[in-house]
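Colleague: Sequence and predicted model, in that order:
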Amino acid sequence: MEKAAVIGCGAYMDSGYGCPGEWRCLKAASLGEGHFENPSQVVSYVKCECPGRALAPTVGMAIKLSEIKPEKIYLSSCLVNAKPSCPYASADEMVQILENQFNVPVVKGTHDYH
C-alpha cells in the first residue's frame, strides 16, 4: 500500500470555503479514487497555513515525527482548485518546492468529489 502525505489548504479547511476538512481526501486515499491510483495509507496530513512560507518545514516535521517517509505527497483538491487562488504560491510552485526538498513525487489534487 502506497504511503501518502496530504497537504490541505488551511484557509479552505478553517473557513469552510467548499472544503469541510480532510474527510474527502482520506476517503479518496483509502478507496484509491480520484488522483490516488490505488488505496493508500495516509501517513501525514498537513494544513498549509498562509502565507505558506512554513510549508516545507511543516511537511519535514510531519515526516520526522511520524518516522514514515511518504512515497508521494498530494496537494489536496481544495488547495489546487482554490477560488480565489492562493496569493502566495501557485500549485506548480509548491510542487517544485516540495519535490526539490523531499525528492518525492508531488501530485496536484486528491479527489474529484463535489
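Modeller: Yes, it's here. Residues are numbered from 1 along each chain as shown.
Colleague: which residues of this structure score low on pLDDT?
Modeller: Applying pLDDT under 70 to the chain flags residues 16-22.
Colleague: Mind jotting down where the helices sit in it?
Modeller: Taking DSSP state H to define them, one finds helices in the chain at 10-15, 23-31, 55-66, 77-80, 91-102.
Colleague: List the buried residues of stretch 98-105.
Modeller: Going by neighbour count (16 or more other C-beta atoms under 10 Å), the buried part of stretch 98-105 is 98, 102, 104. For the C-beta atoms, the positions are set from N, CA and C on the backbone; glycine is no exception.
Colleague: Residues contacting that stretch, please?
Modeller: Contacting residues not belonging to stretch 98-105 are listed as 5, 7, 55-56, 59-60, 63, 69-73, 106 [C-beta atoms under 8 Å, 6 or more residues apart in numbering].
Colleague: Check whether residue 91 really touches residue 79, as I assumed.
Modeller: Yes: here residue 91 reaches residue 79: they are 6.9 Å apart, a contact under C-beta atoms under 8 Å.
Colleague: higher neighbour count, these two?
Modeller: Comparing residue 91 with residue 79 by neighbour count (other C-beta atoms under 10 Å), the higher total belongs to residue 79, at 28 against 17.
Colleague: picking up where we left off before, turn the buried residues of stretch 98-105 into a markdown table, columns for distance to residue 42.
Modeller: Formatted as a markdown table, those follow (distance: C-beta to C-beta, whole Å):
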| residue | distance to residue 42 |
| --- | --- |
| 98 | 16 |
| 102 | 16 |
| 104 | 14 |
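Colleague: Specify which member of the residues you listed is nearest to residue 33.
Modeller: Residue 33 lies nearest to residue 104 out of those, by C-beta to C-beta, at 21.2 Å.
Colleague: Enumerate every residue touching residue 35.
Modeller: By C-beta under 8 Å, 6+ apart, the neighbours of residue 35 are 28, 74, 77, 107, 108, 109, 110, 111, 112.
Colleague: go with 7 Å
Modeller: 74, 107, 109, 110, 111 (C-beta atoms under 7 Å, 6 or more residues apart in numbering).
Colleague: Where strands are concerned, which of the residues you listed count?
Modeller: If you go by DSSP state E, the contacts of residue 35 have 74, 107 in strands.
Colleague: Cool, thanks, signing off.
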